[in-house]
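Novice: need a 3D model of the sequence below.
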Amino acid sequence: MTALPLDPLAMQPRSDAPAPPTSTTLHASDVLSLATYERVRARYLRLMTELRRHRRARLAPHVGILFESRETVLFQVHEILRLEGHTPAHVERELDAYACLVPPRGELRATVMIDGGTRDEGRALAGILRRRDAVTLTSSGHRCGSTLATLDGDADDAVQYLRFRPGPGFVSALCRRTAPLELALGHDGRTLSTFVHPRLRGQLQRDLGPPAPRSLLHTLVACPWLLNPKETHSPWPF
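Specialist: As a prediction, the model looks like this:
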């Protein structure tokens, strides 16, 4: 299985490769042309499927959470443009629509999906998710609670976007691997909680650290041999 993340492997981009991101914000220059995206999509899709698997968790039987990153949002934008049309206006529209999911420095962002139960149960869960600190991450007594990432969504929508602002000491506690990390949802007067898998914990640590020098997609375009030497001829004699 390919190790993740792979961004540090992109050491020296080719002169015709997209420039590395200078911030966590996505820009139109980060979006590949449709032809270029189609050329790398099959391998990129496999890599992103694995990356997203590392970033998912269950909050409740009918509630899942995906902690987003600049990489996962860039993937989502490309997939939508591939299906709905790739024009400059459409690129800007999709970037604006998903800007709330790109985590700025020092924050986490997540998509929470209600994927089962009755309509009434779904509406009740959506209302709960929109409350302050409905979802929390806790380690060694230090907490990181949720608020809405955008006010544009419907109150009973099955998909809600959340932001997490770490409280004092949370990042340090997150880096202490011996301290368990708990993910919890307050629901019906009780708390549903689970311990975060080490793979997800590692992803969250990277999210709260310095931004990666390049996106996984741009690494794949510029240096494909670094991502999977078995598939592509390597220029190195070893």
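
Novice: for the nearest residue to Pro88 once chain neighbours are set aside, report the pLDDT, please.
Specialist: Nearest residue to Pro88 in three dimensions, chain neighbours excluded: Ala28, at 7.1 Å (Cβ to Cβ, 6 or more residues apart in numbering). Where C-beta positions appear, they are placed from N, C-alpha and C, glycine not excepted. For Ala28, the pLDDT comes out at 93.

Novice: so Cys144 lies in a strand, does it not?
Specialist: Yes. Using DSSP: H, G, I helix; E, B strand; the rest coil, the secondary structure at Cys144 is a strand.

Novice: phi and psi next, for the spatially most central residue of the chain.
Specialist: Among the residues of the chain, the one closest to the centroid is Glu68, at 1.9 Å (Cα atoms, centre = their mean). As for Glu68, its main-chain torsions (degrees, to the nearest 10) stand at phi -80, psi 160.

Novice: contacts only, for it.
Specialist: 55, 101-103, 109-111 (Cβ atoms under 8 Å, 6 or more residues apart in numbering).

Novice: so what does the lengthiest helix in the chain touch, helix or strand wise?
Specialist: As assigned by DSSP state H, the longest helix anywhere in the chain is helix 34-54. For helix 34-54, the elements it packs on are helix 70-84, helix 198-207, helix 216-222, helix 224-227, judged by 3 or more Cβ pairs under 8 Å, 6 or more residues apart in numbering; DSSP states H and E.

Novice: what's the model's confidence in the shortest one, averaged?
Specialist: Summarised as a single mean, pLDDT over helix 224-227 is 64.

Novice: what's the burial count for the residue nearest to Pro88?
Specialist: By the criterion of other Cβ atoms under 10 Å, Ala28 has 9 neighbours.

Novice: for the longest helix of the chain, which residues meet the burial criterion?
Specialist: For helix 34-54, the neighbour count (16 or more other Cβ atoms under 10 Å) marks 37, 40-41, 43-44, 47-48, 51-52, 54 as buried.

Novice: kind regards, and thank you for your time.
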